[in-house]
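Enquirer: Next come a sequence and a model predicted from it.
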Amino acid sequence: MSYTLGIVGATGLVGRALIAQLQTKFLESTCYFFASDRSLGQNIVFRDADHKVLPINDECLDRCDILLAVTDGSISQSLIEKRWYDHVAIIDNASTFRLHPDVPLLIPEINPDVYHGQTVIANPNCTTIQLLLLLSPLLKHIPIGECIVSSYQSVSGTGLAAMDELTQGMRALVDDQQPQSLLYPRPIAGNVIPQCDAFNGDWTLEELKIMNESAKILKESVTIHPTCVRVPVYQGHHLAVTVKFNKDIDRATLESIIHHQSRLTLCDRDSYPSSVAVVGSDNVFVSRMRHAPKDLSTWSFWLSADNIRVGAATNAMNILHMIRDRCIK
């Protein structure tokens, strides 16, 4: 069955990752590429042919059966509000509709049952996806009472401009100058910032996303305490996760659960991956697994993943696969 796909935000980081994956997938489909005015006129080489970047307007979007929206939330919100009841399916990477009761917040490996042919499907937050790919299979075997998470998030989560700001800031430090801070509350170069997104009370919006989205996806009463930190790394997010189970669990059982998950890679003690090593992978790497002294109910993990792929593009592609497979059936 052939589809016409449209990527809205095709020239951004996630858009580029989607295009790279589509080069060898959904070969029966036609693809169009949309972006904001500043990217119009650019060419995208796709399957050995040049494709013009198109404007985001109704005439162009009408060509598509499925849209993958990986653009600014205000743009995708306008798009969705116009087409809520249209035939076009929209997979939205923005946070706007994630908690909407009529919009499935979907990780196909975890909660495929929430999709019933809805035309708007929300892609969860990148850190939420990374965390739940571990927590969900653990929950199927043993109840979890509490989870404490500290994230170490690269600047690519903010976009290309943040990567440029990090580059310029590092050059300033080398030249013994003060780095500029345009996108973050402090200069990111040579710095660690314990604030991802704006504050809402004592929590940041990124921390609230992890808590609220996890509750919607898991449908379990797991208490999650996140602290989200921005670090001067280009790509790759890391999570320090401590899970307090409701009863003891041994290492062999945990290793068996992890080994049986296709998207999890368990690493030996000394082989924890670097940020550079995870770029380009669709898996979450689990390392530094250890239990609290004399307490087999409390275990800690170090999770590493490519936030652009695992946290966005790959999940969107998996949703696309699921939609196609359901339609074929």
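Expert: Received it, and whenever you're ready, just let me know what you need.
Enquirer: helix, strand or coil for residue 181?
Expert: coil (DSSP: H, G, I helix; E, B strand; the rest coil).
Enquirer: Dump the strand or helix carrying residue 91 to PDB, keeping only the CA atoms.
Expert: Residue 91 belongs to strand 89-92 when assigned by DSSP states H and E. The C-alpha coordinates for strand 89-92 follow below in PDB (Å, rounded to 0.1, in the frame of the first residue of the first chain):
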ATOM      1  CA  ALA A  89      -2.800  11.500  10.100                       C
ATOM      2  CA  ILE A  90      -0.400  13.800  12.000                       C
ATOM      3  CA  ILE A  91       2.400  12.400  14.100                       C
ATOM      4  CA  ASP A  92       3.400  15.400  16.200                       C
END
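Enquirer: For that strand, enumerate the helices and strands it packs against.
Expert: On a contact count with 3 or more C-beta pairs under 8 Å, 6 or more residues apart in numbering; DSSP states H and E, strand 89-92 meets strand 66-69, helix 73-83, strand 120-122, helix 314-328. In this view, the C-beta of every residue, glycine as well, is placed from N, C-alpha and C.
Enquirer: contacts for that strand?
Expert: 65-69, 76, 79-80, 83, 119-123, 316, 319-320, 323 (C-beta atoms under 8 Å, 6 or more residues apart in numbering).
Enquirer: Can you flag the buried ones in the residues you listed?
Expert: 65-69, 76, 79-80, 83, 119-123, 316, 319-320, 323 (16 or more other C-beta atoms under 10 Å).
Enquirer: how far away is the residue nearest to residue 117 when sequence neighbours are not counted from residue 31?
Expert: Leaving aside its sequence neighbours, residue 117 sits nearest to residue 326 (C-beta to C-beta, 6 or more residues apart in numbering; 7.4 Å). In this view, residue 326 and residue 31 are 21 Å apart by C-beta to C-beta, to the nearest Å.
Enquirer: Looking at the two, which is more packed in?
Expert: Each of residue 326 and residue 31 has its neighbours counted (other C-beta atoms under 10 Å); residue 31 has more, 21 against 12.
Enquirer: And the helix or strand where that one lies, what does it pack against?
Expert: For residue 31, the host element (DSSP H and E) is strand 30-34. Using 3+ C-beta pairs under 8 Å, 6+ apart, the elements in contact with strand 30-34 are strand 4-8, helix 13-22, strand 43-46, strand 49-52, helix 58-61.
Enquirer: Would you mind pulling the contact partners of it?
Expert: 2-11, 15, 19, 22, 44, 46, 51-56, 60-61, 63-64.
Enquirer: Mind doing that once more with 10 Å?
Expert: For strand 30-34, the external contacting residues (C-beta atoms under 10 Å, 6 or more residues apart in numbering) are 2-11, 15, 18-19, 22-23, 39-40, 42-44, 46-47, 51-57, 60-61, 63-65, 67-69, 71, 75, 79.
Enquirer: lowest-pLDDT helix or strand in the chain?
Expert: helix 58-61 (a mean of 73; mean pLDDT, DSSP states H and E).
Enquirer: Return the distance of the strand holding residue 91 from the chain's centre.
Expert: Here the centre of strand 89-92 is set off from its chain's centre by 15 Å, with C-alpha atoms, centre = their mean, to the nearest Å.
Enquirer: Also stretch 278-285?
Expert: 12 Å.
Enquirer: repeat for stretch 197-208
Expert: 18 Å.
Enquirer: before we move on, what about stretch 113-130?
Expert: 11 Å.
Enquirer: Take it and give me the span from its first residue to its final residue.
Expert: Terminal residues of stretch 113-130 lie 20 Å apart, using C-alpha to C-alpha, to the nearest Å.
Enquirer: Going by neighbour count, which residues of it are buried?
Expert: So for stretch 113-130, counting by 16+ other C-beta under 10 Å, buried means 114, 118-130.
Enquirer: now swap in stretch 251-262 and tell me
Expert: Buried-residue list, stretch 251-262, by 16+ other C-beta under 10 Å: 254, 257-258, 261.
Enquirer: ok, now stretch 45-65?
Expert: 46, 51, 53-54, 56, 61, 64-65.
Enquirer: Hmm, which of the residues you listed is lowest in pLDDT?
Expert: On pLDDT alone, residue 61 ranks lowest of the buried residues of stretch 45-65, at 75.
Enquirer: Excluding residues flanking it in the chain, which one is nearest residue 317?
Expert: residue 21 (5.3 Å).
Enquirer: Tell me where the stretch 201-329 of the chain has strands.
Expert: Ranges of strands in the stretch 201-329 of the chain, per DSSP state E, counting those that start in this stretch, are 203-204, 223-230, 237-245, 264-266, 284-292, 295-305.
Enquirer: Okay, angle between the last one and helix 314-328 too, please.
Expert: With axes from the mean of the first three to the mean of the last three C-alpha atoms, to 10 degrees as the basis, strand 295-305 and helix 314-328 are set at 90 degrees to each other.
Enquirer: Within the sheet, what are the partner strands of strand 295-305, with directions?
Expert: strand 237-245 (antiparallel), strand 284-292 (antiparallel) (DSSP bridges).
Enquirer: Can you list the buried residues in stretch 303-310?
Expert: 303-310.
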